[in-house]
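Chemist: sequence and computational prediction follow.
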Amino acid sequence: MERPRFQGEDMTREIIRKDPAYAATANMPDYAREAATFTWQAARARLSGLPGGRLNIAHEALDRHLATPAADRIALRWIARDGTRRDFTYRALVAETARFAGVLRALGVARGERVYSLLGRVPELYVAALGTLKAGSVFCPMFSAFGPEPIQARMEIGGARVLVTSQALYRKKVAPVRDRLPELKDVLLIDGDGSIEGTRDLAALMAAAPAEFPAEPMAPEDMALLHFTSGTTGRPKGAVHVHEAVVAHHVTGVLALDLRPDDVFWCTADPGWVTGTSYGIVAPLTVGATMIVDQAEYDAERWYRILEEEKVTVWYTAPTAIRMLMKAGAEMAKARDLSHLRFMASVGEPLNPEAVVWSDVVFGRPFHDNWWQTETGGIMIANYASMDVKPGSMGKPLPGIVAGIVEASAAGVREVTRAGAIGELALRPGWPSMMRAYLHEEARYDKCFSCGWYLTGDLALRDEDGYYWFVGRADDVIKSSGHLIGPFEVESALMEHPAVAEVGVIGIPDETAGEIVKAYVALKPGHRESEDLRLDLLGHARRRLGPAVAPKEIVFRPALPRTRSGKIMRRLLKARELGLPEGDLSTLEGDEA
Ligand code: AMP
């Protein structure tokens, strides 16, 4: 979402002062001191590791707690759609994940091979994630609202060897593309009953597997997680994360989310997106906290009930949800006893200053915005419990992280240190959860780095107090309800429709979702615009892409603006949509210019 109004805006208004009593007891009572003394080596020492310098995320998240008072604490409280709960202690999760790892071993799945999941938020997803890591294989979660095309692309790129899913999701989304996935050997169904050919019943396999499986001792640089993200062009990119990432998951959970062993932590993100894995699985478990997982989708009444009944102490959610809660009204929150809430954080899209101020009034404490992305694997910039909050700002870099604002020139990129200057947000590489590659895409990976900086693709500024402010994306990628959507993936799906000649896809501002996906379509000769055709295109896109990615709006145009080299000018579509200056049109092709 573009935030042009930050330029010249008085960014010091409405500062929300820290609560000194709470700040003094926070995991990081003094940001400046921690930033000055922090080392990744010391952060590593907070975890136990395995003999010989080896480690395993599953060991840090689960097994090491067996020797501590956390062993019989609830690790995962799962709330089913119908409200029933299922609790898993750390001890129980150790055993369940051992069984899952044993299943992989029995199937001959090797270290480093990829195990995918396509599941809603059900316990089996969490068991599969940690069991896969325990076995030394690589876990790749997919969002269950994806349609067959994004699913096929992701499994193809990552060479999926195993898929864990359900009967319904398999039938609808995987069966139609299975013959295009020759590397996919085993499909494990959480509700399998032998009725679908080419699949196995996970429960039966688990029942036959032993309840013990010591976590594979992995090298810190061994691949552990594969998370797909989208770029402006081309296919989705598989960001590779390694076992050592757990050091950053843990320490960011401690410093940025103020997590402690006695916390009840609710991260509302789905593990199909990176937040739902780094903070919806790994970080809270490494701390020894209790995490809440709700199977159901957002519902204001239900969310407030969960916060109250589960006595949630730390809550990590996203701006779209916060805006929906604002719409539902403060009364709903005030009717509940939310006195257990100690810390509230938000991520994924720009968090409007009004939402921060609103939360401070309604909950008696503000949402603390933080910034990171799939590639960084963990929180990079944050508002901390011990820091004053400037509503609208993403906060300051995590101790151990060096951030900067850079500008591109012929000689590469150069840091701009002047307060208030807008440029690309960049980070000095070297933290443990940084991606190590885009799988099979060296050139795309290399393009992310210049002159010793990792370039984030976001525009931002830093104010005179060192707080970072999001300004907009430097590329055409769309953020809708917190989900990153590549316009190219949407365009490609629409191009498959027989009536479509060309497509341009952009994000347009939306009060609740931040942005929504809008497609501009030019038709082939012989096809005429009509409401029926528009609905047919919308249906086609939803079937192929799934509701989270498909466009919400489609409009027809006789032709689309293209550069002389033939690329659709999404920027121009957007400028025209929003009535903004059209900028430099010198590369615009033919008649349109
Ligand atoms: P993803 O890789 O899907 O997690 O998306 C990362 C992108 O989301 C970032 O590059 C930003 O464009 C956006 N984003 C994440 N957190 C924030 C935030 N706190 N404020 C503004 N944009 C954010």
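Modeler: The structure has been received and is ready for your questions.
Chemist: so which residues on the stretch 201-350 of the chain come close to the ligand?
Modeler: Remark: the part of the stretch 201-350 of the chain in contact with the ligand comprises Thr229, Trp273, Val274, Val347, Gly348, Glu349, Pro350, using C-beta under 6 Å from any ligand atom. The way it works is simple: take the backbone N, C-alpha and C, and place the C-beta from them, glycine included.
Chemist: please produce TSV containing those, extended by pLDDT and neighbour count.
Modeler: Conversion of those to TSV gives the following (pLDDT from 0 to 100; neighbours: other C-beta atoms under 10 Å):
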residue	pLDDT	neighbour count
Thr229	95	18
Trp273	94	23
Val274	97	28
Val347	97	26
Gly348	94	25
Glu349	92	24
Pro350	91	22
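Chemist: of those residues, closest to Gly52?
Modeler: Proximity of those to Gly52 (C-beta to C-beta) peaks at Val274, which lies at 29.5 Å.
Chemist: pretty sure the closest one contacts Gly377?
Modeler: Yes. Look at Val274 against Gly377 with C-beta atoms under 8 Å: they come within range, at 7.1 Å.
Chemist: okay, and the common contacts of the two?
Modeler: Ala239 (C-beta atoms under 8 Å, 6 or more residues apart in numbering).
Chemist: what would the residues of the stretch 201-350 of the chain next to the ligand look like in a markdown table with distance to Cys451?
Modeler: Formatted as a markdown table, the entries for these read as follows, by distance: C-beta to C-beta, whole Å:
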| residue | distance to Cys451 |
| --- | --- |
| Thr229 | 23 |
| Trp273 | 30 |
| Val274 | 26 |
| Val347 | 28 |
| Gly348 | 29 |
| Glu349 | 29 |
| Pro350 | 27 |
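Chemist: out of these, who's nearest Gly395?
Modeler: Minimum distance to Gly395 across these is 10.9 Å, recorded for Val347 (C-beta to C-beta).
Chemist: which SS class is Trp469?
Modeler: Reduced to three states with DSSP: H, G, I helix; E, B strand; the rest coil, the structure at Trp469 is strand.
Chemist: doesn't Leu459 make contact with it?
Modeler: No. The pair formed by Trp469 and Leu459 falls short of the contact definition of C-beta under 8 Å, at 9.8 Å.
Chemist: so if I had to pick from those two, which one is more boxed in?
Modeler: Counting neighbours by other C-beta atoms under 10 Å for Trp469 and for Leu459 shows that Trp469 has the greater number, 23 against 19.
Chemist: so what sits opposite the more buried one in the bridge?
Modeler: According to DSSP bridges, Leu461 are recorded as the beta-bridge partners of Trp469.
Chemist: any idea how far it lies from Val416?
Modeler: With distances defined as C-beta to C-beta, to the nearest Å, the gap from Trp469 to Val416 amounts to 14 Å.
Chemist: ditto for Asp19
Modeler: For Asp19 relative to Val416 (C-beta to C-beta), the value is 34 Å.
Chemist: try Ala318
Modeler: With distances taken as C-beta to C-beta, Ala318 is found 30 Å from Val416.
Chemist: neighbour count for these two, which is higher?
Modeler: Here Ala318 and Val416 are set side by side on neighbour count (other C-beta under 10 Å), and the busier one is Ala318, at 25 against 17.
Chemist: need the contact list for that one.
Modeler: When contacts are counted by C-beta under 8 Å, 6+ apart, Ala318 touches Thr268, Ala269, Thr275, Ser346, Val347, Gly348, Glu349, Ser481, Gly482.
Chemist: in what element of secondary structure is the fourth one found?
Modeler: Spelled out, it's Ser346. Taking DSSP states H and E as the criterion, Ser346 maps to strand 343-347.
Chemist: what helices or strands is that strand leaning on?
Modeler: The helices and strands touching strand 343-347, judged by 3 or more C-beta pairs under 8 Å, 6 or more residues apart in numbering; DSSP states H and E, are strand 314-317, helix 353-363, strand 367-371.
Chemist: now these as a markdown table including mean pLDDT and mean neighbour count?
Modeler: Converted to a markdown table, those look like this (pLDDT from 0 to 100; neighbours: other C-beta under 10 Å):
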| stretch | mean pLDDT | mean neighbour count |
| --- | --- | --- |
| strand 314-317 | 98 | 25 |
| helix 353-363 | 94 | 18 |
| strand 367-371 | 98 | 27 |
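Chemist: Leu93 is nearest to which of these?
Modeler: When these are compared for distance to Leu93 using C-beta to C-beta, the nearest one is strand 314-317, at 19.6 Å.
Chemist: C-terminal to the closest one, what's the next element?
Modeler: Sequence order places helix 319-328 as the next helix or strand after strand 314-317, per DSSP H and E.
Chemist: ok, and for the helix or strand that that next one is followed by, which residues are buried?
Modeler: In the C-terminal direction, the helix or strand that comes right after helix 319-328 (DSSP H and E) is helix 330-334. Buried residues in helix 330-334, counting neighbours by 16 or more other C-beta atoms under 10 Å, are found at Ala333.
Chemist: what does stretch 184-202 give?
Modeler: Going through stretch 184-202 with 16+ other C-beta under 10 Å, the ones that come out buried are Leu184, Asp186, Val187, Leu188, Leu189, Ile190, Gly192, Thr199, Arg200, Asp201, Leu202.
Chemist: identify, from these, the entry nearest to Val287.
Modeler: Using C-beta to C-beta as the measure, the one of the buried residues of stretch 184-202 that approaches Val287 most closely is Ile190, at 27.4 Å.
Chemist: now do the longest helix along the chain: which elements does it pack against?
Modeler: With DSSP state H setting the assignment, residue counts place helix 90-106 as the longest helix in the chain. Contacts of helix 90-106 with other secondary structure elements, assessed using 3+ C-beta pairs under 8 Å, 6+ apart, are made with strand 74-79, helix 123-134, helix 202-207.
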